[in-house]
Structures are given as structure tokens and as C-alpha cells.
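> here are the coordinates; sequence isn't available:
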């Protein structure tokens, strides 16, 4: 199997939130992959500041952040950026400033929320993260919004935002990005930067926002507890993160 690059989702994939960290076996596997000359990347809905908070300090070759909207190299320099713009941006800013519901705006350097509720606290606890600071919007470019809303409000918002895509990352919240974005688009930019081919890649994920990534790479692996959308898009379903599913799949394909 000629795999030269592997992309990893974070929550529920690289990290099991029962433990709140990457397992020792998974970390050892990542170092073994790098020793074989395979490039390793994160592909997540997370902001770089959140990765620091999660103490993910492995030396990845690149970072596909905010569901592909912002890509950084190992030195955290921007490779690709795709902010939300136009009428959808105006609508999201209005929803944020009016506090229609709890909502996070994610800029290049920071992320912040308009109001904090018990739902927000539960959602952040579920992903081992603190609640973002409460702040006002100051007319800066932003690449993603996170809304803490139920399915009914999600469908309503999807009808209003004609140039955005909404994907659910857990029962409490959804991510909103430009329709021109997605993890697959971020991966394309990363591969172009490194001169690599999608036929030489593999990816691991567990959420709705991983669907396009799992389909785009040569091999897409869904975790055992993945969303049905991710499982359907994957080539293989491995064990759960707490049972070192990444290691299991790498051995299944003979990569380790």
C-alpha cells in the first residue's frame, strides 16, 4: 500500500474524550509512520488555539483547520484561507450580534462566543474544551461559525444560508462554513503545497463533516462510533478511539 500522507480528524478519532487525550499506542503509531516517511496532517473543525488547549503537541506536517477553511504548515504559516463572505456573512453577523442563539465566530487568531448557556457548557465539556470568551464582533474576516442549536433550527438556518454548509459535530452543536469549503478542499490545498496526489492518501474520521474527506482520499476509515454518514462514506470501519482504532486500521491495511 503506497500511502504517503494521512489525515486525522481530532474529536472521537485521534482523541477519545473519555480519556481526554491521545492514547500512548496511537501516539507511538504516529511516530512510527513518520519514521517510514509518511506525512501526517490534522483535518479538523478545531481552531489552532483549541489544539493547544487539548495539548496536541505532536509535530504534524500540516493542519487543515476549521473544516478546511484555514490550512497551516508545520510553522503555522497560512497555506490556504477561505472566509465566509457576502450575504451569508451579513446574516451570521446579525444572528451573532442579536444573540438569536449561542454562537461562536472563528477568526484566524481567535474564537469567541456571543452568549453562554448550559447547553454550551455541556457541549464544550463533551469535547474536553473550555467555553470560548464572550466578545463582540469587530468586522474581521471569519472562517467558521459554531451554532448551538437543535435540528429544527438547523434546518431553518440552512434555508437562510444559501452559500454555506452546515454539519453537526455532536448533539449540541453544528459547524457553518462556506459552501466552497470543506475538509476535502483543505486537503486539496495541502496536497498541492506538498506536491502529493490524493491516490497516495488515507484519512480517519467520525463525523458528518468528515464525509467528503473520507471519500476524497484513497482510503477513508471511519471509527466504530462514527456518525452513519461517515460510515457510509468510508472504505473501512475500524474500532473506536478508546480501543486504538487508528492503530487497528493501519495494521489492517499493512501500513504498520
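Received the coordinates, thanks. Because the structure is a prediction, the values reported are computed rather than measured.

> Next one: residue 51 from residue 165, what distance?
22 Å (CB to CB, to the nearest Å). All C-beta spots, glycine's among them, are computed from the backbone N, C-alpha and C.

> pLDDT score for the residue sitting nearest the centre point of the chain?
Central residue of the chain (CA atoms, centre = their mean): residue 44, 1.9 Å from the mean position. Residue 44 carries a pLDDT score of 94 in this model.

> check contacts around it.
8-11, 51, 63-65, 67 (CB atoms under 8 Å, 6 or more residues apart in numbering).

> Kindly report the same for residue 8.
14, 40-44, 203-204, 246.

> give me that answer again for 10 Å
14-15, 22, 26, 30, 40-44, 58, 60, 64, 202-205, 221, 246 (CB atoms under 10 Å, 6 or more residues apart in numbering).

> Narrow those residues to those in helices?
Among these, the residues falling in helices (DSSP state H) are 26, 30, 246.

> Out of those, flag the one nearest to residue 170.
Using CB to CB, residue 246 comes nearest to residue 170 of the ones in helices among the contacts of residue 8, at 19.9 Å.

> For residue 173, give its distance to residue 161.
16 Å.

> Could you do residue 190 as well?
26 Å.

> okay, the two: which has more neighbours?
Between residue 190 and residue 161, residue 190 has the larger neighbour count (other CB atoms under 10 Å), namely 26 against 20.

> Using the three-state scheme, assign that one.
Per DSSP: H, G, I helix; E, B strand; the rest coil, the local secondary structure of residue 190 is helix.

> Name the residues linked to the nearest residue to it once chain neighbours are set aside by a beta bridge.
Setting aside the residues directly before and after it, residue 190 is nearest to residue 62 in space (CB to CB, 6 or more residues apart in numbering), at 5.2 Å. In this entry, residue 62 is beta-bridged to residue 41, residue 73, by DSSP bridges.

> Report the contact partners of residue 62.
5, 7, 39-43, 71-76, 79, 186-187, 189-191, 193-194.

> Buried subset of those residues, written for PyMOL?
The PyMOL selection below is limited to those of these classed as buried (16 or more other CB atoms under 10 Å):
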select buried, resi 5+7+39+40+41+42+43+71+72+79+186+187+189+190+191
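
> Tell me how many other residues crowd residue 3.
Residues near residue 3, counting by other CB under 10 Å, number 20.

> what residue ranges in the stretch 1-150 of the chain score low on pLDDT?
17, 19-20 (pLDDT under 70).

> where exactly do the strands run in it?
Remark: strands assigned in the stretch 1-150 of the chain by DSSP state E, counting those that start in this stretch are 5-8, 39-43, 62-65, 70-73, 78-81, 103-106, 111-113, 133-134, 144-147.

> now those strands as JSON lines including distance to residue 255?
Converted to JSON lines, those look like this (distance: least, CB to CB, whole Å):
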{"stretch": "strand 5-8", "distance to residue 255": "8"}
{"stretch": "strand 39-43", "distance to residue 255": "12"}
{"stretch": "strand 62-65", "distance to residue 255": "19"}
{"stretch": "strand 70-73", "distance to residue 255": "24"}
{"stretch": "strand 78-81", "distance to residue 255": "25"}
{"stretch": "strand 103-106", "distance to residue 255": "33"}
{"stretch": "strand 111-113", "distance to residue 255": "34"}
{"stretch": "strand 133-134", "distance to residue 255": "41"}
{"stretch": "strand 144-147", "distance to residue 255": "31"}
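
> For residue 126, find the nearest of those strands.
Closest among those, using CB to CB: strand 144-147, at 13.0 Å.

> what pairs with that closest one, and is each one parallel or antiparallel?
In the sheet, strand 144-147 lines up with strand 103-106 (antiparallel), strand 173-178 (antiparallel) (DSSP bridges).

> Redo those strands as TSV? Include mean neighbour count and distance to residue 215.
Formatted as TSV, these follow (neighbours: other CB atoms under 10 Å; distance: least, CB to CB, whole Å):
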stretch	mean neighbour count	distance to residue 215
strand 103-106	25	25
strand 173-178	24	17
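
> Turn those into JSON lines, including distance to residue 131.
Shown next, in JSON lines, are the strands paired with strand 144-147 (distance: least, CB to CB, whole Å):
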{"stretch": "strand 103-106", "distance to residue 131": "9"}
{"stretch": "strand 173-178", "distance to residue 131": "12"}
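
> I am finished for the moment; much appreciated.
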